[in-house]
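Enquirer: sequence first, predicted model second:
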Amino acid sequence: MSEEGVNPRRRRLLVITSGLGVVGAAFAATPFVLSMMPSARAKAAGAPVEVDISKIEPGQLLTVEWRGKPVWILRRTPEMLKSLSEDTKVLADPKSEVTDQQPSYAQNEARSLKPEYLVLVGICTHLGCSPAQRLQAGAVSGLGDEWPGGFFCPCHGSKFDLAGRVYKNVPAPTNLVVPPYSFLSNTRIIIGVDQKGAA
């Protein structure tokens, strides 16, 4: 049948139903396409986190969340800093030579940009448990008179010093992770962005 023989009314109905079909398909596909996009919560989970450290007293630890993980910010006392150079022979990696555990600017004895402030991901490098904070030295920690202070993983007994360096002969294979971070001022840090702007 030639085009001249097609009823104009039929042609209009064909165009209208085709148009409605295209619009309907677009409406049906929209939820599926949107479900593949990251949610606002997911975007925020990977975003850098700014932290006010002005209220952290010496010897105190603040926990914040970054990328769904606990991040510890410890303001170390002079005594805590002094303990970092003592008994390094009991540590598996005292010089932080496993370089993927911290940015290059934290590959030092204090494992930090400023020795007073330690920033660590609070997850054991063995099987992902969260170590307990045993910051006080000695018997009060529950780990014996010789304990210099640090972190103890109750899951399998791994121990870390006040710089997050792992002890020898424990299940954890490496030091606790230092995330990328930088100081915005003397009282504010940003976790997730280092001096080069990298995350």
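Expert: All right, it came through fine.
Enquirer: which regions of this structure lie under the pLDDT threshold?
Expert: Segments of the chain classed as low confidence (criterion: pLDDT under 70) are 1-5, 32-46, 195-199.
Enquirer: mind naming the longest helix for this protein?
Expert: Of all segments of type helix in the chain, defined using DSSP state H, the longest is helix 8-35.
Enquirer: which ones are touching Cys153?
Expert: Cys124, His126, Cys129, Ser130, Pro131, Ala132, Lys159, Phe160, Ala172 (C-beta atoms under 8 Å, 6 or more residues apart in numbering). Where you see a C-beta, it was placed from the backbone N, CA and C, and this is true even at glycine.
Enquirer: what number of residues lie near the nearest residue to Gln101 once chain neighbours are set aside?
Expert: Setting aside the residues directly before and after it, Gln101 is nearest to Asn175 in space (C-beta to C-beta, 6 or more residues apart in numbering), at 4.7 Å. Neighbour count of Asn175, defined by other C-beta atoms under 10 Å: 24.
Enquirer: likewise the one 3 residues further on?
Expert: When counting by other C-beta under 10 Å, one arrives at 23 neighbours for Val178.
Enquirer: where's it, which helix or strand?
Expert: Element membership for Val178 (DSSP states H and E) is empty, with no helix or strand holding it.
Enquirer: which stretches of the chain form strands?
Expert: 49-52, 61-66, 69-75, 117-121, 132-134, 150-152, 159-160, 181-183, 188-191 (DSSP state E).
Enquirer: now render those strands as JSON lines, adding distance to Ser96 and mean neighbour count.
Expert: Below are these laid out as JSON lines (distance: least, C-beta to C-beta, whole Å; neighbours: other C-beta atoms under 10 Å):
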{"stretch": "strand 49-52", "distance to Ser96": "23", "mean neighbour count": "15"}
{"stretch": "strand 61-66", "distance to Ser96": "20", "mean neighbour count": "15"}
{"stretch": "strand 69-75", "distance to Ser96": "16", "mean neighbour count": "19"}
{"stretch": "strand 117-121", "distance to Ser96": "12", "mean neighbour count": "23"}
{"stretch": "strand 132-134", "distance to Ser96": "20", "mean neighbour count": "17"}
{"stretch": "strand 150-152", "distance to Ser96": "15", "mean neighbour count": "23"}
{"stretch": "strand 159-160", "distance to Ser96": "12", "mean neighbour count": "22"}
{"stretch": "strand 181-183", "distance to Ser96": "16", "mean neighbour count": "20"}
{"stretch": "strand 188-191", "distance to Ser96": "19", "mean neighbour count": "18"}
